[in-house]
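**Q** pasting a predicted model and its sequence here:
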Amino acid sequence: MKRTSFSCLLRSFFVLWLFVFTFSACKKSEGPEPELSREQKEGLLKDSVYLYTKFVYLWEDALPNSFNTRQYDTGEDVLDALTQFKKDAGGQPVDRYSFLDRTGAVSEEIQEGLAGDFGFDLRYTAEDDLRVKLVQPNSPASAEGLERSWRIISINGNTNIGQKALSSNNFRALLEALAGSSITLKLRKPDNAEVTVTLPRKQYALNPIPFSKVYTTGNGKKVGYFVFNSFISIENKNIPTATKVKIDAVMADFQTAGVREMIVDLRYNGGGSVQTAEYLTDLLAPADANGKVMYTYNMNKNLAADKDFKAAFAPVNISKKGTLNLNNIYFITTGGTASASELLINSLKPYLPVWVIGEQYTYGKPVGFFPIPIFDTELYAVSFETLNSKGEGRYYSGIPANRSERDDLLEPFGSLAEDCLAQALYHAEYGSFGTRTIAGVSSIERTSSARASVLLNTALDRKGNKDMFKFDVPVKQLP
């Protein structure tokens, strides 16, 4: 990612701190500088986390002017402590987003389109019913033939995987298994056949659009549908990525088919690159929105007063791309739909009818950040808030659904029997939402009163969350 110098204001803010730790490096040296120990680096990291966060933080005015970082063991502990200062009306911390990236995972996944895991994700559809919700193409799970809707019988030999049993240790066993170097799963397929597989953790290229299709309603309307799982950057080092190529190909197919209604499936999309959200908005916005405001930024007084940062956070306007001119757009969401996904939804709302179908609310993350490199770690501290052209945003509790539907894990993507897709297609044809049996399905299993833990499913949805990243911000790596 591009590294440019800080502005004078930021340099001034850190001049005393940098003097203390780099004065010796300014003197003529008779030999190479001694390598910092692990403890020294961590100490500098802890100090840097506070100083940088104090400067860029959206809620900078809530932070203390001095802060003893050395009472904490790690940089993560310092950042976690800083996120506790800004409270909502209920007295709870607003910031559940800021983090440190020590492994370069953000750069790999969002800018390079690479993931390093097993290639599947899970969700509870009932108290004791854990299902495969998503299988990534090209992944270890895909190579073993796993498919959405398969039921998990055991994980690493443990069959006691119901929510009640796992809650006794705060779901630690499940989350640790998903973070391991390998995992053994026993699964039951829809035909009741059982299979056991062992999957290695492996790097693979992500495919953000695993499914797309054009449907024709009973009255002849053409409806485009695509599953979009991650806002991987459309550019990497100024070169178009496979994600951009895939988006362009799918949109070209929709244009050729004469699509006038669009369904975007964001149910498992935790966000990613702001640039990709802008590109999709340009493609999906109506022609008469061209040149109008897509969204604006809100930031703290430090960034707003600095010319370099002010330029980086200028209002973003729509630059219409392609020939799609939609009558309605439908977004399928869950409690894990977050960040750049919510930015896309919110940015389009002023310009065409937007319908949200899915769980009652999205995750709620109207804020984002940019990377601040400190040694071999990158700090992501919330630094901006986005508002659409009508000044709407601040959906910290999530964007509400127009039609509440639970995630139908028993059906594959694109199935007409899948509740959320069926509701969108029904509305596209009739102009209103239908009953729960519109797809001809009314099984007891679908309408079971046993409800999954919203908190746990949201945690599983956000495993490896992509957030809202802005990479074209002027930052400088510390010495």
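**A** Looks like it came in fine. Numbers count the residues shown, from 1 in each chain.
**Q** what ranges in the protein fall below the confidence cut-off?
**A** 1-33, 170, 436-456, 458-459, 461-471, 474-479 (pLDDT under 70).
**Q** please repeat the previous calculation with a cut-off of 50.
**A** 1-28, 437-452, 477-479 (pLDDT under 50).
**Q** part of a strand, is Leu45?
**A** No: using DSSP: H, G, I helix; E, B strand; the rest coil, the secondary structure at Leu45 is helix, not a strand.
**Q** how close does it sit to Ser319?
**A** In this view, Leu45 and Ser319 are 40 Å apart by Cβ to Cβ, to the nearest Å. Bear in mind the C-beta positions are built from the backbone N, C-alpha and C, glycine included.
**Q** the more surrounded of those two?
**A** The neighbour count for Leu45 versus Ser319, taken as other Cβ atoms under 10 Å, is higher for Leu45 (22 against 14).
**Q** which residues touch the nearest residue to the more buried one once chain neighbours are set aside?
**A** Sequence neighbours aside, Gly75 is the residue nearest to Leu45 in space, at 4.3 Å (criterion: Cβ to Cβ, 6 or more residues apart in numbering). Residues counted as contacts of Gly75 (Cβ atoms under 8 Å, 6 or more residues apart in numbering) are 42, 45-46, 48-49, 100, 374, 377, 379.
**Q** looking at the residues you listed, which are in helices?
**A** 42, 45-46, 48-49 (DSSP state H).
**Q** what residues go with each domain of the chain?
**A** Under automatic domain parsing, the residue ranges defining each domain of the chain are 114-204, 206-298+311-366+391-469.
**Q** return the most buried member of the ones you listed.
**A** Burial of the domains of the chain is given as mean neighbour count (mean count of other Cβ atoms under 10 Å); domain 206-298+311-366+391-469 ranks first at a mean of 19.
**Q** enumerate every residue touching Tyr295.
**A** Counted by Cβ under 8 Å, 6+ apart, Tyr295 has contacts 315-316, 343, 346-347, 386-389, 393.
**Q** ranking by neighbours, what's the top pick from the contacts of Gly75?
**A** Using other Cβ under 10 Å as the neighbour test, those are led by Val49, with 29 neighbours.
**Q** does it really touch Asp77, like I thought?
**A** No: proximity of Val49 to Asp77 does not meet the contact threshold set by Cβ atoms under 8 Å, at 9.3 Å.
**Q** turn the ones in helices among the contacts of Gly75 into JSON lines, columns for distance to Gln360.
**A** Output for those, formatted as JSON lines (distance: Cβ to Cβ, whole Å):
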{"residue": "Glu42", "distance to Gln360": "42"}
{"residue": "Leu45", "distance to Gln360": "39"}
{"residue": "Lys46", "distance to Gln360": "39"}
{"residue": "Ser48", "distance to Gln360": "40"}
{"residue": "Val49", "distance to Gln360": "35"}
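**Q** returning to that earlier point: ok, so of the contacts of Tyr295, who is nearest Leu134?
**A** Leu343 (21.5 Å; Cβ to Cβ).
**Q** I'd assumed Leu303 was in contact with Phe309.
**A** Yes: the criterion here is Cβ under 8 Å, and Phe309 meets it with Leu303 at 4.2 Å.
**Q** tell me the one of the contacts of Tyr295 nearest Asn298?
**A** Leu387 (6.4 Å).
**Q** contacts only, for that closest one.
**A** 295-298, 366, 393-394.
**Q** which among those residues gets closest to Glu147?
**A** When the contacts of Leu387 are compared against Glu147 (criterion: Cβ to Cβ), the nearest one is Pro366, at 34.4 Å.
**Q** so who does the closest residue in space to that closest one that isn't next to it in sequence touch?
**A** Distances taken as Cβ to Cβ, 6+ apart place Gly393 nearest to Pro366, at 4.7 Å, with adjacent residues excluded. By Cβ under 8 Å, 6+ apart, Gly393 lies in contact with 295, 298, 346, 366, 385-387.
**Q** for Gly393, grab phi and psi.
**A** Per-residue torsions, Gly393: phi 170, psi -150 (degrees, to the nearest 10).
**Q** from Asn68, how far out is it?
**A** 34 Å.
**Q** cool, Leu187 as well?
**A** 50 Å.
**Q** for Phe309, same thing?
**A** 28 Å.
**Q** now swap in Glu76 and tell me
**A** From Glu76 to Asn68 the distance is 16 Å (Cβ to Cβ).
**Q** same question, Gly104
**A** Counting by Cβ to Cβ - Gly104 and Asn68 are separated by 30 Å.
**Q** wait, what's in contact with Ser317?
**A** Rather than Ser, residue 317 is Asn. Per Cβ under 8 Å, 6+ apart, neighbours of Asn317: 291-294.
**Q** next, format these as CSV and append secondary structure and distance to Val195.
**A** Formatted as CSV, these follow (DSSP: H, G, I helix; E, B strand; the rest coil; distance: Cβ to Cβ, whole Å):
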residue, secondary structure, distance to Val195
Gly291, coil, 55
Lys292, coil, 53
Val293, strand, 52
Met294, strand, 47
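**Q** now render those as a markdown table, adding distance to Ile209.
**A** Shown next, in a markdown table, are the contacts of Asn317 (distance: Cβ to Cβ, whole Å):
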| residue | distance to Ile209 |
| --- | --- |
| Gly291 | 28 |
| Lys292 | 27 |
| Val293 | 27 |
| Met294 | 22 |
